[in-house]
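quick one, what's the 3D model for this:
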Amino acid sequence: MAASGAGRSRRAAAAQVSARDQSAAASRGISSARSGEDLVTAVRAIFSATHRACDVLSATCTALRYVVLLALTFGTASTFAAVSASVHPPAIDELETARLSLQVTGNAGADPDLSPLEQDFEILSTHTASRFTLSNAGSESAMEYTITLRPKRAGTLTIPPLQIGQEQSTALTLRVSGTDPALRSAVEGSVFFEVSVSRNPVYTQGETILTRRLFYSEQSQIYSDLPGPPELSGAEVFAVGATRSYTSIRDGDRFEVIEQQFAIFPSAPGRLTIPSISITTSVRIVKNGAIRRVGARVVSPTIDIEALPIPADWPADLPWLPAESVDISDRWSPATDTLATGDPLEREVIITVEGNLAASITPIADDLPGTALRQYPEPPVLEDNRDGTSIVGTRRSRYTLMAAEPGIAIVPALRVTWWDVNARRMRVAESGSRTIT
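Model (predicted):
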């Protein structure tokens, strides 16, 4: 009995060694496979080896088959990827949209690069859906991208090849017919932008207010929010005030209006272009007794701004400060002109600039002459008020003054030189001097 058991053990061990050898050989076949046919042959070989091994190692047969199947599925899925593209419908009106469908079978390893579409199309939305199936015959993974496009012009437009990982879609053609002039006029009369600036030209580092208004009638539906401040590389831009909504009458027609305002400060002389913005909308049109809702892309006009250089007669040793108005106030606590030795006197200097930022107000000369008073300044506080129709910058400087010795001390007037952008001339804002005994 012992000999018979030993024989079975030796046969089982031999079978295990044989199964390992066959599996190893099949694995080497997969590693060396270079083409699709080679890979299929290797897959069949490893399944055959696994099946023969299962005849001996029946306890782990089922688990081994699934492990091998999953390993092959995920190990080979990234090897192949196929991309197909289609557009529906193939012909549209200039105000309509088309759906571009990209189907990726296998694992492309990346999402599609949609930037080539932006030359001729506005990308309104992108949706994705994935699918994965696993069976005895193998596995398949797929990803579908649906991109909604609105043409920027009429004509025969090319949807260029799009890169998806290492793969590329084929180019497609979309025929875009021009909009009927009467229909276009009806749409443009129902929803439109008005854009203006408060000052053009504007001085470098000075303020101009961009006002953007969207008018839309009751026949219109707005599908997107208004964009925020325009992105300008040569200027600082800040939103001012809250977005306003109100009603306006134009040529007897009633419109709802959304209004935004932005403060723009050009950083250097030259031309500055405020780019257009766009929104998506639909307009209800009645034609020949039939009601039709037409989609539309509404675009605001661009505006060119001229930024003027610093005037030639501005003193070179003074900081440049363009503004609509500048004011200096000098507050004292207690409000007395008599101070005993060792007693403190609080002073607050407030410089207010309308039409510029608090950061534009540079420190002013505030040293005290003589030795009768000692001055202890605190760090200044800068504040910008953007609640109105223009930015108002404020610089607050606080000091503690103490009498160091008996006598008369004169606190000199403070001066700020600034450029009046309305009168186009230099002015000086000044606080009064004060004598303390």
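
name the helix or strand for A312, please.
If you go by DSSP states H and E, A312 is not part of any helix or strand.

please apply the same query to I249.
strand 244-250.

in the protein, which helix or strand is least confident?
Here the helix or strand of the chain ranked lowest by mean pLDDT, DSSP states H and E is helix 2-32, holding a mean of 44.

circling back to that earlier point, and the strand holding I249, how far from the chain's centre?
Put simply, strand 244-250 sits 29 Å off its chain's centre (C-alpha atoms, centre = their mean, to the nearest Å).

for the chain, which spans come out with low pLDDT?
Low-confidence segments of the chain, defined by pLDDT under 70: 1-80, 108, 135, 137-138, 287, 371.

which residues in it form helices?
With DSSP state H as the criterion, the chain has helices at 2-32, 36-56, 61-77, 181-190.

and the shortest one, what does it pack against?
It refers to helix 181-190. Applying 3 or more C-beta pairs under 8 Å, 6 or more residues apart in numbering; DSSP states H and E, we find helix 181-190 packed against strand 278-287, strand 290-299. Yep, even glycine has a C-beta here, placed from its N, CA and C like the rest.

tell me the angle of the last one relative to strand 278-287?
Angle, strand 290-299 to strand 278-287, by axes from the mean of the first three to the mean of the last three C-alpha atoms, to 10 degrees: 160 degrees.

mind listing what's buried along stretch 239-256?
V240, G241, F255, E256 (16 or more other C-beta atoms under 10 Å).

same check on stretch 410-422?
For stretch 410-422, a neighbour-count test (16+ other C-beta under 10 Å) marks V411, L414, V416, T417, W418, W419, V421 as buried.

now do the same contact list for the nearest residue to the first one once chain neighbours are set aside.
Ranked by C-beta to C-beta, 6 or more residues apart in numbering and with sequence neighbours excluded, the top spatial neighbour of V411 is R434, at 4.4 Å. By C-beta atoms under 8 Å, 6 or more residues apart in numbering, the contact set of R434 is D330, W332, D337, I410, V411.

ok, now F121?
Neighbour list for F121: L149, R150, P151, K152, L157, I159 [criterion: C-beta under 8 Å, 6+ apart].

beta partners for it?
Here F121 sits in beta bridges with P151, going by DSSP bridges.

state the distance from it to P275.
Separation of F121 from P275 (C-beta to C-beta, to the nearest Å): 18 Å.

do A403 as well
Counting by C-beta to C-beta, the gap from A403 to P275 is 60 Å.

now do S185
According to C-beta to C-beta, S185 and P275 sit 26 Å apart.

what are the boundaries of the strands in the stretch 101-250 of the chain?
Listed in chain order, the strands of the stretch 101-250 of the chain (DSSP state E, counting those that start in this stretch) span 121-135, 138-151, 155-159, 163-164, 167-168, 172-177, 191-197, 202-203, 208-216, 220-222, 235-239, 244-250.

could I get those as JSON lines with distance to G106?
Below are the strands of the stretch 101-250 of the chain laid out as JSON lines (distance: least, C-beta to C-beta, whole Å):
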{"stretch": "strand 121-135", "distance to G106": "11"}
{"stretch": "strand 138-151", "distance to G106": "6"}
{"stretch": "strand 155-159", "distance to G106": "22"}
{"stretch": "strand 163-164", "distance to G106": "11"}
{"stretch": "strand 167-168", "distance to G106": "9"}
{"stretch": "strand 172-177", "distance to G106": "21"}
{"stretch": "strand 191-197", "distance to G106": "44"}
{"stretch": "strand 202-203", "distance to G106": "56"}
{"stretch": "strand 208-216", "distance to G106": "45"}
{"stretch": "strand 220-222", "distance to G106": "41"}
{"stretch": "strand 235-239", "distance to G106": "46"}
{"stretch": "strand 244-250", "distance to G106": "50"}
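
tell me which of those is the most buried.
Highest mean neighbour count of the strands of the stretch 101-250 of the chain: strand 202-203, a mean of 22 (counted as mean count of other C-beta atoms under 10 Å).

need the max-distance pair from the buried residues of stretch 410-422.
Across these, the longest distance by C-beta to C-beta is 31.1 Å; it joins V411 and V421.

beta partners for the closest residue to L102 other than its chain neighbours?
In space, and not counting its chain neighbours, L102 is closest to Y145: 4.2 Å by C-beta to C-beta, 6+ apart. Beta-bridge partners recorded for Y145 (DSSP bridges): L102, T128.

cool, and I159?
When bridges are called by DSSP bridges, I159 pairs up with L172.

test my guess that it contacts T173.
Yes: contact status for I159 versus T173: in contact at 7.3 Å, counting by C-beta atoms under 8 Å.

that older thread, so A403 and P275 - more neighbours on which side?
Between A403 and P275, counted using other C-beta atoms under 10 Å, A403 has the larger neighbour count: 20 against 11.

isn't the more buried one up against A409?
Yes: when contacts are counted by C-beta under 8 Å, A403 is listed as touching A409 (7.5 Å).

if I look at S86, how far off is L172?
Using C-beta to C-beta, we find S86 at a distance of 7 Å from L172.

find residues that contact each of these two.
Common neighbours of S86 and L172, counting by C-beta under 8 Å, 6+ apart, are L100.

what about E207, neighbour count?
28.

could you find the closest non-adjacent residue to it?
With C-beta to C-beta, 6+ apart as the criterion, E207 has its nearest non-adjacent residue at 4.7 Å, and that residue is G355.

equivalent analysis for L345, please.
Per C-beta to C-beta, 6+ apart, closest to L345 is L401, 4.4 Å.

check contacts around that neighbour.
L339, P344, L345, E346, R347, L368, L373, R374, Q375, Y376, V411, I436.

same deal with P344?
Neighbours of P344 in contact, by C-beta under 8 Å, 6+ apart: T400, L401, M402.

want to try TSV for the residues you listed, with distance to I391 as columns?
What follows is these, written out as TSV (distance: C-beta to C-beta, whole Å):
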residue	distance to I391
T400	31
L401	32
M402	37
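
before we move on, back to that, out of the strands of the stretch 101-250 of the chain, which comes closest to G289?
strand 220-222 (20.9 Å).

what's the offset of the closest one from the middle of its chain?
Chain-centre distance of strand 220-222: 24 Å, with C-alpha atoms, centre = their mean.

which strands and helices sit next to that strand?
Packing contacts for strand 220-222, counted by 3+ C-beta pairs under 8 Å, 6+ apart, involve strand 278-287.
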